[in-house]
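In: quick one, structure for this:
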Amino acid sequence: MLSTNDFDFELPEELIAQTPLEDRSGSRLLILDKETGEIEDKHFTAILDELHAGDALVMNDTRVLPARLYGTKPETGGHVEVLLLKNTSNDEWETLVKPAKRAKVGTEIHFGDGRLKAVVKEELDHGGRIIDFFYDGIFLEVLESLGEMPLPPYIKERLEDNERYQTVYAKENGSAAAPTAGLHFTEELLEKIKAKGVQLVFLTLHVGLGTFRPVSVDSIEDHEMHSEFYRLSEEAASQLNEVKKAGGRIVAVGTTSIRTLETIGTKFNGSIQADSGWTSIFISPGYEFKLVDAFTTNFHLPKSTLVMLVSAFAGREQVLAAYEHAVKEKYRFFSFGDAMFVK
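Out: Down below sits the predicted model:
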């Protein structure tokens, strides 16, 4: 029985990347062969050599909302920080509010000189609030002008350019965090991959902030996953079925693409069908992969569900050995860090 501590490792704080590289594809790439345990150190553009004609490269086209808002209570002038998590209906959102004690039911909050107003409708656990928003115009446009990117808590630097926390193919608004494995791709690199005969396939999974949470229970079997919305279109499903039929591999970009594909593979007994819904799939050692043949991902937090997912694919000891190698070789970790390709 594996415990959370079995996925712990020493990570010097200076290896946590605070800012993105100027060149997206200038990051490093650690290649791990799960059959042999062999590790190679390359640069990210070497992913071109790892992909073969006839493969499908599957990417999550979700777009991060600038979901962190700073407001004031008009009656007291008290400052309130609101983080949008999920659109529950119309202009109602599930949010996290700090300090929560300032946001009782009925509290009004104003943002940006009152261009955006909100009223607290319901109190949830852990600082959660259902909030109703009022504004003129289009909500996403108001949000773009007032909101900040909700960077993970381990990034202390301010982001100069919001687009650097979006993939170049981000399209579907709705994430509270970026699918960071995709941040390494440039338009130019994707063109080269396509020219090699690799199918580019897009799906959507709106990433929740629960992705970053370390597991807080001792036994991993007791961990409850957060729920996230996913969608695979008819077109994407038929592309993937063609690739499978012709003997190509399904190569996922990031753990969000993996979780979407494996949710569908589990639901339809290994077959690929267009589908949408909510997934709380938790992939840990012992899980049998249904669809994914290889993937690229960033380096994750100690004891996180994401390290467990990678370990389910490539073996816990091999993954921890690869992480130890990455620390020794001073790879950059987490959202703005380097990547690994696991095959």
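In: could you pull out the helices for the stretch 101-250 of the chain?
Out: Assigned by DSSP state H, counting those that start in this stretch, the helices in the stretch 101-250 of the chain fall at 139-146, 187-195, 234-245.
In: how long is stretch 64-79 from one end to the other?
Out: This stretch, stretch 64-79, spans 24 Å end to end (CA to CA, to the nearest Å).
In: so where is the stretch 201-343 of the chain shaky, pLDDT-wise?
Out: 209-216 (pLDDT under 70).
In: ok, which stretches of it are strands?
Out: All strands of the stretch 201-343 of the chain, identified by DSSP state E, counting those that start in this stretch, fall at 228-232, 250-253, 275-279, 294-298, 339-342.
In: and if you look at the stretch 1-150 of the chain?
Out: With DSSP E, counting those that start in this stretch as the criterion, the stretch 1-150 of the chain has strands spanning 28-32, 39-43, 56-60, 62-64, 68-72, 79-89, 92-98, 108-111, 116-123, 128-135.
In: turn the ones you listed into a markdown table, columns for mean neighbour count, distance to E22 and mean pLDDT.
Out: Bear in mind the C-beta positions are built from the backbone N, C-alpha and C, glycine included. Below are the strands of the stretch 1-150 of the chain laid out as a markdown table (neighbours: other CB atoms under 10 Å; distance: least, CB to CB, whole Å; pLDDT from 0 to 100):
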| stretch | mean neighbour count | distance to E22 | mean pLDDT |
| --- | --- | --- | --- |
| strand 28-32 | 21 | 15 | 98 |
| strand 39-43 | 14 | 14 | 98 |
| strand 56-60 | 26 | 22 | 98 |
| strand 62-64 | 24 | 20 | 96 |
| strand 68-72 | 18 | 24 | 96 |
| strand 79-89 | 18 | 28 | 91 |
| strand 92-98 | 20 | 32 | 93 |
| strand 108-111 | 20 | 32 | 97 |
| strand 116-123 | 18 | 33 | 97 |
| strand 128-135 | 18 | 36 | 96 |
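In: which one of these lies nearest to T204?
Out: strand 62-64 (5.4 Å; CB to CB).
In: contacts for that closest one?
Out: 149-150, 165-166, 170-179, 204-207, 256 (CB atoms under 8 Å, 6 or more residues apart in numbering).
In: distance of the residue at the greatest distance from the centre of the chain relative to L143?
Out: Most distant from the centre of the chain: E75, at 37.9 Å, with distances by CA atoms, centre = their mean. Counting by CB to CB, to the nearest Å, the separation of E75 from L143 is 24 Å.
In: kindly report the same for N162.
Out: 12 Å.
In: again, but for G315
Out: Distance from G315 to L143, by CB to CB: 43 Å.
In: equivalent analysis for E262, please.
Out: 31 Å.
In: what pairs with the closest residue to the residue farthest from the centre of the chain other than its chain neighbours across the strands?
Out: Counting by CB to CB, 6 or more residues apart in numbering, E75 lies nearest to E108, which is 7.5 Å off, once chain neighbours are set aside. Assessed by DSSP bridges, E108 has beta-bridge partners V119.
In: in stretch 259-268, what's buried?
Out: By neighbour count with 16 or more other CB atoms under 10 Å, stretch 259-268 contains the buried residues R259, T260, L261, E262, T263, I264, G265, T266.
In: okay but A236 is in contact with A274, surely?
Out: Yes: between A236 and A274 there is a contact at 7.4 Å, judged by CB atoms under 8 Å.
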